[in-house]
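Peer 1: What would the 3D arrangement of this be:
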Amino acid sequence: MATKLNLTGDAAADALLSENPFALLSGMLLDQQVAMEVAFAGPKKLDERMDGFDVHKIAETDVDAFVELCVAKPAIHRYGGSMGKRLHALARFVVDHYDGDTTALWTFGDPDGREVLKRLKALPGFGDQKARIFLALLGKQLGVTPEGWREAAGAYGEDGARRSIADVVDPNTLAEVRDFKRAQKAAAKK
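Peer 2: Numbering: from 1, shown residues only. This is a model prediction of the structure:
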């Protein structure tokens, strides 16, 4: 993953997300009930506490000890305990099913967009929407464009959309995504 992401506004956190596919996947897992940039900065906090953010190290750490790292101030998430357990389960899954190679989710066997979406939805903590957003992030920002990826990502794959973290490349697009989300919430209340 050579592309430089700009998801958090923090250069060190964004560098980790750009270089470490499991960190990016973990940020996506954490992206709920907190601001997007807070969620995607979570892996950097763990990187500092664990002397490196490594899927194998996380999976091999006792779950209770790992949760303690997640809830230490500043916590990785507003719900650090439950999200720590989910993140540990995600690491175990990637190690058990993909030998720790996160990129195998979108590269093994040359999958099409529907297959990548299916693999993402099979991950602990990933439902349909989260999987579609991550697929859009892969396609729009990392050049992971298997056949049919836009269709599989649904509205999140639309070119020029400002719906999710997949569309955040700078402070302006972050503001546009926030505006879209606010409008969606307001429309849902009517």
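
Peer 1: drop to CA atoms for contacts and neighbour counts, all remaining ones
Peer 2: Fine.

Peer 1: Which of the three states applies to the spatially most central residue of the chain?
Peer 2: Taking CA atoms, centre = their mean, the centroid of the chain lies closest to Met28, which sits 2.0 Å from it. Assigned by DSSP: H, G, I helix; E, B strand; the rest coil, the conformation of Met28 is helix.

Peer 1: how about it, what does it touch?
Peer 2: Applying CA atoms under 8 Å, 6 or more residues apart in numbering to Met28 gives the contacts 39-40, 130, 134.

Peer 1: all strands for this structure, in order.
Peer 2: Assigned strands in the chain: none (criterion: DSSP state E).

Peer 1: List the buried residues of stretch 69-84.
Peer 2: Buried residues in stretch 69-84, counted by 16 or more other CA atoms under 10 Å: 69-71, 75-78, 80-81, 83-84.

Peer 1: Mind putting the contacts of Met28 into a markdown table with neighbour count?
Peer 2: Listed next are the contacts of Met28 as a markdown table, based on neighbours: other CA atoms under 10 Å:
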| residue | neighbour count |
| --- | --- |
| Ala39 | 22 |
| Phe40 | 31 |
| Lys130 | 20 |
| Phe134 | 24 |
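
Peer 1: quick one: which of those sit in helices?
Peer 2: Cross-referencing those against helices under DSSP state H gives 39-40, 130, 134.

Peer 1: So what touches stretch 119-136?
Peer 2: Defining contact as CA under 8 Å, 6+ apart, one finds that stretch 119-136 is touched by 25, 28-29, 86, 89-90, 93, 105, 113, 116-117, 149-150, 152-154, 156-157, 164-166.

Peer 1: again, but for stretch 78-95
Peer 2: 26, 29-30, 33-34, 55-56, 58-60, 63, 66-68, 70-71, 77, 100-102, 123-125.

Peer 1: Can you list the low-confidence ranges for the chain?
Peer 2: Low-confidence segments of the chain, defined by pLDDT under 70: 1-2.
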